[in-house]
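Undergrad: model the following, please.
(2 chains)
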Amino acid sequence: MRKTIQALLVIFLLSATQLFAQNTNGLQIIIEPDPLKFNVGDEVRLVAKVVDSMGVVQPDTVLFFSRASRSFTVTRDGYAKALAPGMHTVIVFKNAQGDNPRMRKDIVVDVTYPQIDRIVFAEIPTQMYAGTSFQMDAKVYDELDFLRDDLEVTEFKSSKTSVADVNRFGKITAKKKGKFKFTATYEGIENSFEIKVVDNPVTSIEVSIDEDLARTGDVLHISAVAKDKKGRVVEDAPIVYSFTSSPDDNLGQGASAQIEQDGRFVANHSGLYTLMARNGGSIDEVTVKINPRNVARDIEVLGNGAVTDVATSDLWVWEGVDGRDYAVTGTWGAKGDAYFWDVTDPTNITPIDTIRVDARTVNDVKVSDDGRIAIISREGASDRKNGLVILDVTDPSNVEVLSRFDDGLTGGVHNVFIYEDHVYAINNGRKYDIINIEDPSNPYRVSVFELDTPGHAVHDVWVVDGIAYSSNWADGVVAVDVGGMASADMPGAGGSPENPVQLGSFTYPSGWNHAAFPFKSESSDKFYIAAGDEAFPNGIPAGWIHFFELDNWEQSREVARYEVPEAGTHNIWIKDDIMFVAYYQGGLRIVDVSGELMGNLYDQGREIAKFLPTASEGIAPNSPQAWGPQPYKDMIFVSDMNSGLWALRMSPVNETASAN
Amino acid sequence: MKKTSKYSLLSVLVLLLGVSLSTASLAQEKKIVIEPAEVKLKLNEELQLKATVYDADGNVTQDTVQFFSRSRRNLGVTQQGLVTAYKPGSYAILVRTIGANRVSLNVPVTIEYPPVTSVKFSGTPGNVYEGTSFPLHFEVMDASGAMRDNVEVMLTSSNEKVATVNDFNEIKLLKKGNVTITAKAEDVTQTWKISVKDNPTDDIELTHNYDGKSIRTGDVVRFVGKAKTSRGADVADAPINYAFIATPDDNLGQGASALIEQDGRFVANHPGKYTILARSGNQVEETTIRVVYRNVQRPVQVVGQGIVPDVKTSDLWIWEGVDGRDYAITGTWGARGEAFFWDVTDPSNIHTIDTVQVDARTVNDVKVSEDGRIAVITREGASDRKNGIIILDVTDPSNVKTLSEYNKDLTGGVHNAFIYENHVYAVNNGRRYDIINIDDPTNPTTVGRFELDTPGHAIHDVWIEDGIAYSSNWGDGIIAVDIGSNTSADMPGAGGSPSNPVPLGSYKYPSGWNHAAFPFKSKSTGDFYVAAGDEAFPYGLDFSGPNRAAGYVHFVKFDGWENPKEVARYEVPEAGSHNYWIEDDIMYAAFYNGGLRIVDISGELMGDLYQQGREIAMFLPRHKDAAIPNAPFTWGPQPYKGHIFLSDWNSGIWAIKLGESTSSGTN
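TA: Numbering: from 1, shown residues only, chains lettered A, B, ... in the order given. Alright, predicted model coming up:
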């Protein structure tokens, strides 16, 4: 499943930097035009020449690659288009040709920012109550309607400071009845409007909270009602929420809790918290006690199917047609093997068959629901015919190849998913093909799903209840109806494998989206998508799991994360409000994702258990690099790049939660 | 410098042995029966336990049993079973047979709390104003004279229209009038009569100490709210509450962003805007600040390493030799009793130049005198049980000579040592430190000794700065002792000397994991801190594989020896602290499986520094040819002449260098 294209690119570029910082025999790469300065929308041809120390142009072929393909696209032979302003990097690369060595040059192209055009306010209050505040959100746009996120308006003015003050961050504090003009200015451009301040009718605030005894990580909701002197509710009174904390441990501990301005509160540490709601001079407060979450459980290692001579990739565990339990694991950057294991006795994981295909990497392995068909993906085939291989696993000790399918898939298949007699195959990191395997000996393509955003890329796809959730790096998670069913948690749109229909997408700034897992919280009834990163800044895995809460396909909020410090996420699985996440060097993490989610779950005592898989020998001893988890029956299986396949079991819940 | 671990390594070993014994199948055949069956004691009570061992047929055997306390600071027991109750609570005693076919038993012991004799309101304000609220505090004493913090105090208000109290012992003053608050602890009560007054506060003036200055993550901003009357006069006794509203730049599910204390100190983890509120009753003043990223990160470069492939490495010391070249010494752990000498003049070419082998399993600590002529190495696990210290002549580090072996009263093992003004401070058997004069290094003599008198006390390390010894004492925390303080000391001495050590102050913390101590005066604030480091292995230790430690560095600010306050910590998640060094407001901390951490500790400190973007760099020493391959377990650092040297339990000695910051920086 999910994985590593970006990793490969990063590793390639990193190693390339070192590799090519060598003797170039006096050769240099010259780029035209010079300087590389463009306007948005410009289409140009970049030309690169290799010249020797005498200035003689060499016949070498040079290729271009954009490092910011969503902002500046370039074909391999240099046809480029400037899509967004900023400084972008293009890699110019040549292979060794004749006596000339490999070379690389990173060039920076400057796509000029258009002129600043206007200041736009997100929301304009026409009236404020005396004693209340309002935070203006002022954004700068340029002539081409690009939002200039990099610019911040810091010049704000009130025409009558006896009526209202404005601070340098644009926060208005209404002081007394009257009118004033609010003005925001940025480099000569200004926008202003008039605001009326009226007497504040609020004389009291009444707060309520859903629980006053809870656990770390539980999201509490404080709500406040503002009333006038006659006890009538003032519906439009703005309320601000804050809190004071008295954590049980007050000896230099870090930040203990957080509150949002919609009244959601969550604590990391046990202790007492006083939550306050305020409107002007009216304040009410409530104190809550937060206890430790107490969800930790022991984890027992049942067995290890050690693979220490090659890197292991993904896994799948299933019940065979004979009622025994089996697993298949892939291999990475090696000889193109997939290993089959008997895991019926997890304390004695036994290899029972090996399938070797023409590939360097068998990245993904999947088995059909009926336990009869397996699909393995191929990358790095010697004949460049990659694609996928369909296997008969009715007898996992004697696996047979039913067919190979590489039609249009020669760029490599990184991940696959089997769903209702169709294979969803990630095609060359650009799109996914939907392939009918009703007759597994004669697979055929029925459709393709591809985004149309600039520089788009896709990494993985996972199908639940007829909705395909793909992971698309900077384009985030994309939900597509491929036959949405009545049991789906969210409505479909009449799609089918032949006619995939996009439902919604969920992006976040880093652009590291590599995996996606939708789930309906069993305890809170909320629908979430867990969106996992993969990234290797400085060659070390980083990133986290992003939790999007969906009201519907159009409305969602990124509300929480699970971020293990100094480690990086890979694949995830969520079942019964428990998340199993392979966190590369951070090993396997098992996390309580019950209830509403808010903030960083890692800080909230929600970790149930962790396991660091290691081998004492082989390609990388003592180096956990957990790839993927799968809860199966009462166990958890996990594949690890450096040590193979593991079977684990959590102990029963051994502590009573302190509240709830 | 600060060191090891073996004390706790041994503890772990003992524990593991204990566990394996108690689960041995032989328990099916023999069993221990204790009399009395239920052990309940009053404070300071003594009780002789009787243990009888029966075989599978119910016959009494002749086995000898021994008793051990699982919590010897709270519950004492002799090996023969005489129990002494030091502190109320629930504990356990381990009873086990000796010799072949051992069996063991855990005996629960309860030491009862004496009855409460008094409850008093503490810190109550003189004037109490309408509209305010605050927590109430109490002093509860029991019959033993001990202050109790584990007794539930019930509060009631005589007039809930005037004041209410909640389950969390907070009082809210609703309106002007008279009210009596009654506090009840067990059967003892106390009342507080309050006359609630009109709140004269008409305005709050809110200021802070960063006005006009850039505020970065980790900077402690001190807010001061002053309550004023309508005429502008101070209302000095109006309680002020501080809170904040966070608008971090990243609002996509990020964790908690900042913290504020009720004395007005605020620190942010994340960049963004923060509105700080100061409130008294219904008067609120607020101010907004912007916090920017701290931007102190710097790249780190590996300059060289000396991989020790077959044994575990312990501490290190780097020094300039009398010939002007640079040298290092490293110890070894649980091995053949070696200390390795290295030429590190060229840190990219670290190479061994001599080895000294002594009769020991562990040479835990290594130190060199300031003049570069004398080294002291410690011995534990000697075959003849004569441990102690070895004094070496390192004038020529390629040809190190033993000057003397000193083990007078030190046979239990020396875990750590420090050389200061011709004296060696040697941690003796984990119980005390001996002060040994080495004016004549061939003829050392013990001149003084420092030992605590607390029950079950233990000591791990000692470090000396300006004539003050800072020892690390597990549950007793850090202890400062004057052994000849000089005028450059940051804190006043008390006329001590090596032969007359005089305690100055101490600080202990709940975990009891204190393993190292490093005093420093902040260059940027002038405040005096002692950084107190933990060592703990709650996940056990595997001597042949990778490991994980726990614990952190506690920052204790001293305003005089009598007034220590734990204000901050540096806690690397999922790793544990070991030794560290502080120089020029930068901390170099070895964090076992977390490698080396280099941390900006400039400015006032508050909260968890790890979360504040104060980490300048980290380095994970891992090597495929190491004693344990690819498994960082960093023991100790030493900044030296522009490089940072470190020793790593699993891999040996390393030299690294910090590069220049590549960020634009905001400070």
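Undergrad: okay, CA-based contacts and neighbour counts for the rest of this
TA: Fine.
Undergrad: what sits closest to residue A:319 if chain neighbours are left out?
TA: Nearest non-adjacent residue to residue A:319, counting by C-alpha to C-alpha, 6 or more residues apart in numbering or on different chains: residue A:325, 4.5 Å away.
Undergrad: for the one you found, give me the pLDDT.
TA: Here the pLDDT value assigned to residue A:325 is 98.
Undergrad: show me the contacts for it.
TA: Residue A:325 is in contact with A:317-319, A:342-344, counting by C-alpha atoms under 8 Å, 6 or more residues apart in numbering or on different chains.
Undergrad: what about it, distance to chain B?
TA: In this view, residue A:325 and chain B are 31 Å apart by C-alpha to the nearest C-alpha, to the nearest Å.
Undergrad: low-confidence ranges in the chain?
TA: Using chain A here. A:1-23, A:654-660 (pLDDT under 70).
Undergrad: sorry, should have said chain B
TA: For chain B (pLDDT under 70), the answer is B:1-28, B:662-667.
Undergrad: grab the nearest non-local neighbour of residue 248.
TA: With no chain named, the answer covers chain A. Per C-alpha to C-alpha, 6+ apart, closest to residue A:248 is residue A:271, 4.6 Å.
Undergrad: oops, chain B please
TA: Leaving aside its sequence neighbours, residue B:248 sits nearest to residue B:272 (C-alpha to C-alpha, 6+ apart; 4.0 Å).
Undergrad: what about that neighbour, neighbour count?
TA: By the measure other C-alpha atoms under 10 Å in any protein chain shown, the count of residues near residue B:272 is 20.
Undergrad: quickly list what residue A:312 is bridged to.
TA: residue A:331 (DSSP bridges).
Undergrad: what residues does chain B have near chain A?
TA: B:168, B:241-245, B:252-260, B:269, B:282-284, B:288, B:545-546, B:554-555, B:566-569, B:573, B:606-609, B:611, B:624, B:629-631 (C-alpha under 8 Å from any C-alpha of the partner chain).
Undergrad: so which of the residues you listed sit within helices?
TA: Under the assignment DSSP state H, the residues of chain B next to chain A contribute nothing to helices.
Undergrad: for the residue nearest to residue A:248, list each beta-bridge partner.
TA: Beta-bridge partners of residue A:271, as defined by DSSP bridges: residue A:247, residue A:290.
Undergrad: what about it, how many neighbours?
TA: A count of neighbours around residue A:271, defined by other C-alpha under 10 Å, yields 20.
Undergrad: quick one: it and residue A:250 touch, right?
TA: No - applying C-alpha atoms under 8 Å as the test, residue A:271 and residue A:250 come out as separate, 9.5 Å apart.
Undergrad: which residue does the stretch 301-450 of chain A bring closest to chain B?
TA: Here the stretch 301-450 of chain A gets closest to chain B at one residue, residue A:308, 14.4 Å apart by C-alpha to the nearest C-alpha.
Undergrad: so what's that residue up against?
TA: Residues in contact with residue A:308 (C-alpha under 8 Å, 6+ apart) are A:615, A:617-620, A:642-644.
Undergrad: ditto for residue B:194
TA: So residue B:194 contacts B:128, B:178-181 (C-alpha under 8 Å, 6+ apart).
Undergrad: which one of these is nearest to chain A?
TA: Nearest to chain A among these, counting by C-alpha to the nearest C-alpha, is residue B:128 at 18.2 Å.
Undergrad: so the closest one sits right up against residue B:200, yeah?
TA: No - between residue B:128 and residue B:200 there is no contact under C-alpha under 8 Å: 10.8 Å.
Undergrad: would you mind pulling the contact partners of stretch A:260-270?
TA: In contact with stretch A:260-270 (C-alpha under 8 Å, 6+ apart) are residues A:215-223, A:240-241, A:247-248, A:255-259, A:289-292, A:598-599, A:603-605, B:256.
Undergrad: for that stretch, what is the distance to the chain centroid?
TA: 23 Å (C-alpha atoms, centre = their mean, to the nearest Å).
Undergrad: now the end-to-end length of it.
TA: Length of stretch A:260-270, first residue to last, C-alpha to C-alpha, to the nearest Å: 19 Å.
Undergrad: just stretch A:263-281 next, same as before
TA: 19 Å.
Undergrad: can you give me the helices for the chain?
TA: Going with chain A. Assigned by DSSP H, the helices in chain A fall at A:5-19.
Undergrad: the intended chain is chain B.
TA: B:6-22.
Undergrad: quick one: furthest residue from the center of it?
TA: residue B:57 (50.4 Å; C-alpha atoms, centre = their mean).
Undergrad: need the residues of the stretch 551-660 of chain A near chain B, please.
TA: Looking at chain B, the residues of the stretch 551-660 of chain A close enough under C-alpha under 8 Å from any C-alpha are A:557-561, A:565, A:598-601, A:603, A:616, A:620-623.
Undergrad: one more time with 10 Å
TA: Contact residues, the stretch 551-660 of chain A versus chain B (C-alpha under 10 Å from any C-alpha of the partner chain): A:557-566, A:586, A:597-604, A:614-617, A:619-623.
Undergrad: among the residues you listed, name the ones in strands.
TA: Secondary structure from DSSP state E places A:557-562, A:599-600 of those in strands.
Undergrad: one step back: restricted to buried residues, select the residues of the stretch 551-660 of chain A next to chain B in ChimeraX.
TA: The buried residues among these can be selected in ChimeraX (16 or more other C-alpha atoms under 10 Å in any protein chain shown) with this line:
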select /A:558,559,560,561,562,563,564,586,597,598,599,600,601,602,603,604,614,615,616,619,620,621,622,623
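Undergrad: for chain A, give me its nearest residue in the stretch 451-600 of chain B.
TA: residue B:568 (3.7 Å).
Undergrad: tell me where the stretch 501-650 of chain B has strands.
TA: All strands of the stretch 501-650 of chain B, identified by DSSP state E, counting those that start in this stretch, fall at B:502-507, B:514-521, B:528-534, B:553-558, B:564-570, B:580-583, B:586-590, B:596-600, B:607-608, B:615-619, B:634-640, B:643-648.
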